[in-house]
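Student: quick one: sequence plus predicted model below, questions after.
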Amino acid sequence: MATRLLRSLIAVLVGSLVLRLAAQTMTQMIQFHLEVISERYYYISYTTRGYVLASFFVTELLGALVLGAMSDRYGRKVFIILGPLLGALAVQITAVTIVIWLLVFTRLLAGLSTGSSIPATLGYISEATVGRPTLRARIIGFFDLTLVGGTAVGAIAGGYLWKFFGEPRTIAGIHVISPAFSINALIYLASLAIFVWGLRDVRRPVRQIQSSGKASHSAAAHRKLGHYWEIVRSPAVWMFIPAWLSIFALIGLWTNNSVGLMTGKHHFSGQLLTGTIAPEQYGVGFATLAFFFAAGLLAWSFVLSRYRKTSVMLISTIALFALLLTVYALNHLGSFSSPFYYALLGALLIEVLVLSGFTPAALTYLADATESYAADRGSIMGLYSVFLGIGQLAGTAIGGRFAQWNGVDGLLLMSAVLSAITVVSLIALRRVEPPLPELKASTQADSQ
């Protein structure tokens, strides 16, 4: 691998790690912010909070579609670096307001940040690993690792930033509602610096449509839409959509609703995990789960190419069902000093390790689908963010209602339904999944 490409891949991975750190810090602190607003200024129900947080995914979805396609035409780098710029702007606005419509606007900006950076990054990785399926699986595994690692560190950073810098202060004559958000902007800018330093666009020659002017743009747009539809309607993708949407809905359900439930003032009777955890404790606990998830990703990245992707995803979903049962048991313990507490925590961590295989298997599955559309990798890999946006939008919004209804138990019930949908989808998908390529062929391709 050329030195230039190696430097770019390192910049993509490290920059993505820092960007995810900043994004998770903001995601967590905005929930603390809404809780404080509800306590001190005006009441905000869990349902309304769910809608505010869900607005993030509207622009992530639309941004992934539009900006992913634009990255095919204008190069990946400009759209990758646009992500941290938009994120920094979003947190700075959040730092100085308690107005609900402005908070929605900042969530829209943050969603556009993700919608710009993720499809372009995945398109870059897909393009840089053409003909190297094992390398692709590993790089995508490392990419997932950066996202989870950044999420873990961001969970800790969010808890402690809020603890020490969450209170209003006047800085340089400007009244800042929460300086923690302004500090978070520096993390976004660090990610920007990494991308600018190391990232170089990699463009592979592809067959172009021989036309010019407006007709050329029209033909290109029509071709991209045709490729989107062709990919989406193929059995290998169509049957996979319910599973992916369900998993992303689960992610949105928990990451955007559990913080207020667990760290807020309201306690649901008989539910140990509601209203009993400090913000920094929540951050450390979330980070621990994320670190175990990251360890699982690392392990899966080295063996993923040996197995059918649907097999890995089914095993992960079985672990998900076990995890939901474990959380239910934890939620109904008498106290944190229960003799079963640490045994259940141990089971939870093992389940997270196994569960972690779903995301890299799903991403690799989609990356393989881009092979017939070399000129449109960013557009097609943008499907990842499309599914992510739709799933998390639905999960976050619906999760707010279930949280309002019955706390953590409400989230668990909805999670069980989504998990069942995932299993049915994967069983159907397995019947149309192409056979696993010979390992020998993969090894020869990687050595070229």
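Tutor: Received the coordinates, thanks. Numbers count the residues shown, from 1 in each chain.
Student: what backbone torsions are found at His175?
Tutor: Backbone geometry at His175, expressed as degrees, to the nearest 10, gives phi -80, psi 120.
Student: list the residues that contact the residue nearest to it when sequence neighbours are not counted.
Tutor: Spatial nearest neighbour of His175, excluding adjacent residues (C-beta to C-beta, 6 or more residues apart in numbering): Pro168 at 6.7 Å. The C-beta positions use only the backbone N, C-alpha and C, and glycine is treated the same way. By C-beta atoms under 8 Å, 6 or more residues apart in numbering, the contact list for Pro168 reads His175, Val176, Ile177, Ser178.
Student: and the first one, how far is that from Ala88?
Tutor: When you say that, I think you mean His175. To Ala88, His175 is 20 Å away according to C-beta to C-beta, to the nearest Å.
Student: quick one, which of those two is more surrounded?
Tutor: Between His175 and Ala88, Ala88 has the larger neighbour count (other C-beta atoms under 10 Å), namely 23 against 9.
Student: hmm, Ala190 and the more buried one touching each other?
Tutor: No: using C-beta atoms under 8 Å as the test, Ala88 is too far from Ala190 to be in contact (10.0 Å).
Student: quick one, grab the pLDDT at Gln210.
Tutor: On pLDDT, Gln210 comes in at 42.
Student: quick one: the longest helix belonging to the chain to chain centroid distance?
Tutor: Longest among the helix segments of the chain by residue count, using DSSP state H, is helix 377-430. Chain-centre distance of helix 377-430: 12 Å, with C-alpha atoms, centre = their mean, to the nearest Å.
Student: just the buried residues from the contacts of Pro168, in ChimeraX please.
Tutor: ChimeraX command restricting the contacts of Pro168 to the buried ones, with burial defined by 16 or more other C-beta atoms under 10 Å:
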select :176,177,178
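Student: can you flag which of the contacts of Pro168 belong to helices?
Tutor: Applying DSSP H to these, no entry is found in helices.
Student: which residue ranges of the stretch 201-350 of the chain form helices?
Tutor: Using DSSP state H, counting those that start in this stretch, the helices found in the stretch 201-350 of the chain span residues 213-233, 235-238, 241-255, 258-263, 279-303, 309-331, 341-355.
Student: any chance of CSV for those, columns distance to Val99 and mean neighbour count?
Tutor: Output for the helices of the stretch 201-350 of the chain, formatted as CSV (distance: least, C-beta to C-beta, whole Å; neighbours: other C-beta atoms under 10 Å):
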stretch, distance to Val99, mean neighbour count
helix 213-233, 37, 13
helix 235-238, 41, 16
helix 241-255, 24, 23
helix 258-263, 19, 24
helix 279-303, 23, 20
helix 309-331, 35, 20
helix 341-355, 38, 17
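Student: and of these, who's closest to Trp101?
Tutor: Nearest of the helices of the stretch 201-350 of the chain to Trp101, taken as C-beta to C-beta: helix 258-263 at 19.7 Å.
Student: contact partners of that closest one?
Tutor: 28, 31-32, 34-35, 46, 49, 273-279, 282, 403, 407-408, 411.
Student: ok, of these, which come out buried?
Tutor: Neighbour counting over those (16+ other C-beta under 10 Å) leaves 28, 31-32, 34-35, 46, 49, 273-275, 277, 279, 282, 403, 407-408, 411 as the buried ones.
Student: what about the stretch 301-448 of the chain, any weak spots by pLDDT?
Tutor: For the stretch 301-448 of the chain, applying pLDDT under 70 flags the ranges 367-385, 433-448.
Student: so Ala23 is in which element?
Tutor: Per DSSP states H and E: Ala23 is located in helix 3-40.
Student: could you name the helices and strands sitting against that helix?
Tutor: For helix 3-40, the packing partners by 3 or more C-beta pairs under 8 Å, 6 or more residues apart in numbering; DSSP states H and E come out as helix 46-74, helix 77-94, helix 100-128, helix 133-165, helix 179-198, helix 258-263, helix 279-303.
Student: which other helices and strands contact the second one?
Tutor: Where contact means 3+ C-beta pairs under 8 Å, 6+ apart, helix 77-94 is packed against helix 3-40, helix 46-74, helix 100-128, helix 179-198.
Student: put the alpha carbons of that helix into CSV.
Tutor: In CSV, the C-alpha atoms belonging to helix 77-94 read as follows (Å, rounded to 0.1, in the frame of the first residue of the first chain):
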residue,chain,number,x,y,z
LYS,A,77,-12.4,15.2,1.4
VAL,A,78,-14.5,18.4,1.3
PHE,A,79,-17.5,16.5,2.7
ILE,A,80,-15.5,14.7,5.3
ILE,A,81,-14.1,18.0,6.7
LEU,A,82,-17.5,19.7,6.5
GLY,A,83,-18.7,17.4,9.2
PRO,A,84,-16.6,18.8,12.1
LEU,A,85,-17.2,22.4,11.0
LEU,A,86,-21.0,21.9,11.2
GLY,A,87,-20.7,20.1,14.5
ALA,A,88,-18.6,22.9,16.1
LEU,A,89,-21.2,25.5,15.0
ALA,A,90,-24.0,23.4,16.5
VAL,A,91,-22.5,23.1,19.9
GLN,A,92,-21.6,26.8,20.1
ILE,A,93,-25.2,27.7,19.5
THR,A,94,-26.4,25.2,22.1
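Student: list the buried residues for it?
Tutor: Within helix 77-94, the residues that count as buried by 16+ other C-beta under 10 Å are 77, 79-92, 94.
Student: and the residue nearest to Ala428 when sequence neighbours are not counted, backbone torsions?
Tutor: Nearest non-adjacent residue to Ala428, counting by C-beta to C-beta, 6+ apart: Met239, 4.8 Å away. Backbone torsions for Met239, taken as degrees, to the nearest 10, come to phi -70, psi -20.
Student: list the contacts of Met239.
Tutor: Residues in contact with Met239 (C-beta under 8 Å, 6+ apart) are Ser425, Ala428, Leu429, Val432.
Student: between these, which is nearest His267?
Tutor: Of all the contacts of Met239, His267 sits closest to Ser425, with 36.3 Å by C-beta to C-beta.
Student: which other helices and strands does the longest helix of the chain contact?
Tutor: Checked by 3+ C-beta pairs under 8 Å, 6+ apart, helix 377-430 has helix 46-74, helix 100-128, helix 213-233, helix 241-255, helix 258-263, helix 309-331, helix 358-368 packed alongside it.
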